[in-house]
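[1] Provided below are the primary sequence and the corresponding predicted coordinates.
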Amino acid sequence: MLLPLPALLSPDEVAALRRFIDTADWIDGNATSGHQAQLVKDNLQLPEASEAAQSAGQIVLAALARNPVFISAALPAKIYPPMFNSYAGGQNYGLHVDNAVRVLPGAGGTIRADLSMTVFLEDPATYDGGELSIETAFGAQRVKLSAGDGVLYPSSSLHRVEPVTQGRRLASFLWVQSMVADERARSSLFDLDQSIQQLSADVGQDHSALVRLTGVYHNLLRRWAEA
Ligand code: NI
C-alpha cells in the first residue's frame, strides 16, 4: 500500500517546524546509515539528538496522532522519532531498502520498521527533481507532494530519492512498527475500516449490519494484533 496523507501538517505547522530546522546545523546523512546505504546515500540530516530535530519531531508526531487515516492504515505500535533530511546540488539517495530493525534512542529497545513515511516540507515548485520513487508490483511510483503532505509505504519496498538539481528538498522521515506485522492483513483491515466509515456516514452507524461489521473488524484485529 502506498498511501498519500494530504495536509498531514497545516501550513502553520510547516512554518513552525521550519523555524526549528532552517537555522539548525545539518550533518552528513551517512551518520545513521547501514553499510549498504552508505554506498548510495548523499544528503544532509539533522542530528537525531539535536533540540531542533526533537522540537520539529514533536510537531510531526502530534499531527500523526490526530490523523484517523494514518491510525487506520498503520495501526501503529511504535513510531521512530521523526528525522529530517535535506537534498540540494544534485544530492540523491540511490535505490535501497530501509533497515528492518532499529534501536530506539534512549532506553527504548528496538523497533521493527513495517512502514516508512516521508513528510514533504518544501513547496515542490521551488526545487527540481527530488521525487521519492517507490517500486511496487505495478511499477515504480514517483511521489513529490506539497509541503505538509505525507506518504506512507511499506518499509519492505525498494525506493530512491531522485537527484535534486535545483533548489532544496526538505523532508521529515520516520518508521512505524505496526500492531499488525503482516502487510496483507493490515491492508485488509484498512479497507474494512474505511468501508465501515463510509457506510456509517451513508446509513448511520447504528445500522445492525454495520454493528456486526464493526464486530468483525475488531475480532480480526484481536486475532492479528501483537500486544
Ligand atoms: Ni529509505
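    Nice, I can see it.
[2] Got the domain ranges for the protein?
    If you go by automatic domain parsing, the domain ranges for the chain are 3-178, 183-224.
[3] What residues does the residue most central in space within the chain make contact with?
    Central residue of the chain (CA atoms, centre = their mean): residue 117, 1.4 Å from the mean position. Residues near residue 117 by CB atoms under 8 Å, 6 or more residues apart in numbering: 150, 151, 152, 153, 173, 174, 175, 176. For the C-beta atoms, the positions are set from N, CA and C on the backbone; glycine is no exception.
[4] Check residue 155 too.
    97, 98, 100, 113, 114, 115, 116, 175.
[5] So in the protein, which helix runs the longest?
    helix 183-203 (DSSP state H).
[6] what pairs with the longest strand belonging to the chain, and is each one parallel or antiparallel?
    Identified as the longest strand of the chain according to DSSP state E is strand 168-178. Applying DSSP bridges, strand 168-178 is found paired with strand 76-79 (antiparallel), strand 83-88 (antiparallel), strand 115-120 (antiparallel).
[7] And it, what's buried?
    Across strand 168-178, burial judged by 16 or more other CB atoms under 10 Å covers 169, 170, 171, 172, 173, 174, 175, 176, 177, 178.
[8] same check, this time on stretch 4-16
    5, 7, 8, 9, 13, 14.
[9] Kindly report the same for stretch 155-166.
    155, 157, 159, 160, 161, 162, 163, 164.
[10] which non-adjacent residue is nearest the first one?
    Ranked by CB to CB, 6 or more residues apart in numbering and with sequence neighbours excluded, the top spatial neighbour of residue 155 is residue 113, at 4.0 Å.
[11] which of the contacts of residue 155 are buried?
    97, 98, 113, 114, 115, 116, 175.
[12] What is the helix or strand bottoming out on mean pLDDT in the chain packed up against?
    Ranked by mean pLDDT, DSSP states H and E, the weakest helix or strand in the chain is helix 35-40, scoring a mean of 76. In this structure, helix 35-40 makes packing contacts with strand 92-96, judged by 3 or more CB pairs under 8 Å, 6 or more residues apart in numbering; DSSP states H and E.
[13] Which neighbouring elements make contact with the strand it packs on?
    Against strand 92-96 (3+ CB pairs under 8 Å, 6+ apart) you get helix 35-40, strand 41-42, strand 159-161.
[14] mind listing what the nearest residue to residue 84 once chain neighbours are set aside touches?
    Distances taken as CB to CB, 6+ apart place residue 46 nearest to residue 84, at 4.3 Å, with adjacent residues excluded. By CB under 8 Å, 6+ apart, residue 46 lies in contact with 21, 24, 26, 27, 52, 53, 56, 83, 84, 85.
[15] now, of the helices and strands packed on strand 92-96, which is deepest in the fold?
    Mean neighbours per residue, mean count of other CB atoms under 10 Å, is largest over the helices and strands packed on strand 92-96 for strand 159-161, with a mean of 23.
[16] Return, as residue ranges, the portions of the protein with sub-threshold pLDDT.
    32-34, 36 (pLDDT under 70).
[17] switch to 90 and redo it
    1, 30-39, 105-108, 205, 227 (pLDDT under 90).
[18] quick one on the thing from earlier: just curious, which of the buried residues of stretch 4-16 is nearest to residue 42?
    The closest of these to residue 42 turns out to be residue 14 (CB to CB; 24.9 Å).
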